[in-house]
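Peer 1: Structure, please.
(chains A and B)
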Amino acid sequence: MKTMKPFIFIIILAILFFPTLCSSQEKSGPDLKIIVDTVWVLITAALVFFMNLGFAAVESGLCRAKNTVNILSKNVIVFCATSLAFWAVGFGLMFGDGNPFIGLKGLFLLGVDNSPASGDAYHGIFSSLNWTGIPLFAKFFFQLVFAGTAATIVSGAVAERIKYFSFFFFSFLMGAIIYPIPGHWIWGGGWLSQLGFKDFAGSTVVHSIGGWSALAGAYLLGPRIGRYGSDGRVNPIPGHNLSLATIGAFVLWLGWFGFNGGSTMAADPQSISLIILNTNMAAAAGGLAATFTSYFAIGKPDLSMLLNGLLAGLVGITAGADGATVLGSIVIGFIAGILVVYSVIFFDRVRIDDPVGAISVHLVNGIWGTFAVGLFNQEGGLLYGGGLKQLLIQMVGILAVAVFSLISNFILWKIVQGVMGLRVSEEEEVQGLDIGEHGMEAYPDFSLKA
Amino acid sequence: MKKIEAIIKPFKLDEVKSALTKIGIQGMTVTEVKGFGRQKGHTETYRGTEYSIDFLPKSKIELIIPDELVPQVIENIERAAKTGKIGDGKIFLSPVEEVIRIRTSERGKEAI
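Peer 2: Numbers count the residues shown, from 1 in each chain, chains lettered A, B, ... in the order given. As a prediction, this is how the structure comes out:
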């Protein structure tokens, strides 16, 4: 307690003088709304950044001990690569002024921009973001952590067999090309946004796009050795640390309050309160649905399915967290939790090996969440008397992103494959990528090997 | 002198150890082992698929004892390790030719 005393004293001083500080700033500095909005966006961006740890923990926990160093490395390098790629190219292609299909200005974040001026007062090259009154660097940082999330989704689906540097190279292409272009259509003022397509925090932009890349990667790589028997049998490859996976799932859940809560890019009290509550309820309903679905469908309430289920609920509510009611969010999350279990079983049946369920969580439920906006949005949703219009627009968006993603992913994955190969050697895969790719082990003083 | 090797359920190890130290046994070697007998393995499920665990974890105790203690040691291991359910394990008894204590070069019974 002794060491706390100075801090408490400072805090009391701050509280006493805070009103004076504020009033003195009103005359010269930015107005209070800009300050509060900026702080809100940066705090929520930090929460979204924290999701990198969530992904790292979930993925390494659900894979084998012999690949842990590799998975952790991938999860770190993917954010490093995306940071540079999105700064140099991605942000400009996504939010820069251009045509309905691609942004053409703002590479390296260069160009005119008078943010935090907003609306008609805004003059600059990122007019698609003129609706939020915060500085450009805050806008960029918030969008950057989203790009990082989309790219990191891929890591889990291609785990335990992809070459480290091939993954790194692909992450770069993802942050520079695959993510920003359809992102421009939806968030950058492109043709889908003009059509009225709604994707509040990115069920499509972040999760489906990441999911499509994950699907293409997992398909081109093929399953892990021994995953599917020649007699059609599915051989489970249990994750090595479900405690770690659970920590990761909770970190993601926490991070998602920033993911959805910050997507208003303004600290609007009513709206962010509803969004964060909706986000939580969908996750809870998703976990609930998944645990019971796995109990009834496969006999036991599998923990990994429960974790996938709550994440599915979160992905599902991402597109509609601003426009759904609390009850609507619960229904969206609940359906997501059911979908994810059957989706995991389905992808195993068609022999697409996804060690952590990334495709089922992010792609399948990204599509579901986007579709659900057409049903549950209080303005224009089918269930609220809005007719079919919004639902059809949502379906156009889902389809357009699917076509673009499949084509661009296959081309770019093939380029990576041609330049440096995708898959490690059979010998390396059996021994573990930790030794083969990195020359080290995550648990060198554990003797058990399997 | 005889050697006793007992394969037992791991959670019975502490009980067996105290049952043996009670009658004056002064040392033993314990190894974590895996194997199967009539109990065979068991099945687990992961993400919707069942798979079998063929080798179950067991503890193996090895100790060398003078001939006259054999009946008592076997009886104590049996009593402490028994649950009555399949998979309780086995006890093997075999002759030992010589025992040497490295520190003092003692031979035979004195070295046990």
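
Peer 1: contacts, neighbours, all on C-alpha from now
Peer 2: Will do.

Peer 1: what's the helix or strand for B:T43?
Peer 2: Using DSSP states H and E, B:T43 sits within strand B:42-46.

Peer 1: got the angle for the very next helix or strand once past that strand vs strand B:42-46?
Peer 2: Per DSSP H and E, the first helix or strand lying C-terminal to strand B:42-46 is strand B:49-53. Computed by axes from the mean of the first three to the mean of the last three C-alpha atoms, to 10 degrees, the angle separating strand B:49-53 from strand B:42-46 equals 140 degrees.

Peer 1: so how many other residues sit close to the residue of the stretch 201-350 of chain A found nearest chain B?
Peer 2: Using C-alpha to the nearest C-alpha, the single residue of the stretch 201-350 of chain A nearest to chain B is A:I298, 5.3 Å away. Neighbour count of A:I298, defined by other C-alpha atoms under 10 Å in any protein chain shown: 18.

Peer 1: Isn't it up against B:Y46?
Peer 2: No. Judged on C-alpha atoms under 8 Å, A:I298 makes no contact with B:Y46 at a distance of 9.5 Å.

Peer 1: Now do A:M440, the pLDDT please.
Peer 2: At A:M440, the model reports a pLDDT of 95.

Peer 1: Tell me if I'm right that A:G432 and A:V69 touch.
Peer 2: No. Look at A:G432 against A:V69 with C-alpha under 8 Å: they stay out of range, at 9.7 Å.

Peer 1: which residues does residue 100 contact?
Peer 2: No chain in the question, so chain A it is. A:184-185, A:189-191 (C-alpha atoms under 8 Å, 6 or more residues apart in numbering or on different chains).

Peer 1: Correction: the question concerned chain B.
Peer 2: B:106-108, B:111-112.

Peer 1: again with B:A81
Peer 2: Counted by C-alpha under 8 Å, 6+ apart, B:A81 has contacts B:8-9, B:12-13, B:15-16, B:88.

Peer 1: again, but for B:D67
Peer 2: Contacts of B:D67 (C-alpha under 8 Å, 6+ apart): B:1-2.

Peer 1: do that again at 10 Å, thanks
Peer 2: B:1-3, B:95, B:109 (C-alpha atoms under 10 Å, 6 or more residues apart in numbering or on different chains).

Peer 1: cool, A:S343 as well?
Peer 2: With contact set as C-alpha under 10 Å, 6+ apart, A:S343 has these partners: A:349, A:357, A:359-361, A:364-365.

Peer 1: try A:S203
Peer 2: Applying C-alpha under 10 Å, 6+ apart, the residues contacting A:S203 are A:209-210, A:314-320, A:362-371.

Peer 1: hmm, back to that, quick one: common contacting residues for A:G432 and A:V69?
Peer 2: Contact criterion C-alpha under 10 Å, 6+ apart; residues shared by A:G432 and A:V69: A:E441.

Peer 1: what residues does chain B put near chain A?
Peer 2: Chain B has residues B:44-51 near chain A, with proximity defined as C-alpha under 10 Å from any C-alpha of the partner chain.

Peer 1: sorry, back to before: skipping adjacent residues, who's closest to the residue of the stretch 201-350 of chain A closest to chain B in space?
Peer 2: B:G48 (5.3 Å; C-alpha to C-alpha, 6 or more residues apart in numbering or on different chains).

Peer 1: Just the pLDDT at the residue of chain B found nearest chain A, thanks.
Peer 2: Among all residues of chain B, B:G48 sits closest to chain A, at 5.3 Å; criterion: C-alpha to the nearest C-alpha. On pLDDT, B:G48 comes in at 85.

Peer 1: Please apply the same query to A:I11.
Peer 2: Model confidence at A:I11 (pLDDT) stands at 61.

Peer 1: what does the stretch 101-250 of chain A put close to chain B?
Peer 2: A:233-239.

Peer 1: Next up, identify which helix or strand the residue nearest the centre of chain A is on.
Peer 2: The residue lying closest to the centre of chain A (C-alpha atoms, centre = their mean) is A:T149, at 3.8 Å. Following DSSP H and E, one finds A:T149 within helix A:136-157.

Peer 1: Now do that helix: which elements does it pack against?
Peer 2: Helices and strands touching helix A:136-157, by 3 or more C-alpha pairs under 10 Å, 6 or more residues apart in numbering or on different chains; DSSP states H and E, are helix A:32-61, helix A:68-85, helix A:91-95, helix A:164-173, helix A:209-221, helix A:242-261, helix A:358.

Peer 1: Mind listing what's buried along it?
Peer 2: A:136, A:138-157 (16 or more other C-alpha atoms under 10 Å in any protein chain shown).

Peer 1: Which ones among the contacts of A:S203 lie within helices?
Peer 2: Among the contacts of A:S203, the ones falling in helices (DSSP state H) are A:209-210, A:314-318, A:365-371.

Peer 1: Quick check: of these, which lies closest to A:S243?
Peer 2: Nearest to A:S243 among the ones in helices among the contacts of A:S203: A:L314, at 20.4 Å, using C-alpha to C-alpha.

Peer 1: tell me which residues in stretch A:350-368 are buried?
Peer 2: Buried-residue list, stretch A:350-368, by 16+ other C-alpha under 10 Å: A:351-368.

Peer 1: Oh, that last question was meant for stretch A:327-337, not what I typed.
Peer 2: A:328-337.

Peer 1: In helices, which of these fall?
Peer 2: Per DSSP H, the subset of the buried residues of stretch A:327-337 in helices is A:328-337.

Peer 1: The longest strand along chain B pairs with which strands, and in what direction?
Peer 2: Scanning chain B for the longest strand, with DSSP state E as the assignment, gives strand B:56-65. Counting by DSSP bridges, the strands paired with strand B:56-65 are strand B:2-8 (antiparallel), strand B:29-35 (antiparallel).

Peer 1: right, so of the ones you listed, which gets closest to A:V344?
Peer 2: Here strand B:29-35 is closest among those (C-alpha to C-alpha), at 32.2 Å.

Peer 1: Quick one: mean pLDDT over that closest one.
Peer 2: Strand B:29-35 comes out at a mean pLDDT of 95.

Peer 1: Give me the contact list for that strand.
Peer 2: Contacts of strand B:29-35 (C-alpha under 10 Å, 6+ apart): B:5-8, B:10, B:13, B:17, B:41, B:54-64.

Peer 1: of these, buried ones?
Peer 2: Buried among the contacts of strand B:29-35 (16+ other C-alpha under 10 Å): B:5-8, B:13, B:17, B:41, B:56-64.

Peer 1: Could you verify that B:K90 is part of a strand?
Peer 2: Yes. According to DSSP: H, G, I helix; E, B strand; the rest coil, B:K90 belongs to a strand.

Peer 1: Apart from its chain neighbours, what residue comes closest to it?
Peer 2: Nearest one to B:K90, counting by C-alpha to C-alpha, 6+ apart, is B:I7 at 5.3 Å.

Peer 1: tell me the pLDDT at the one you found?
Peer 2: 97.
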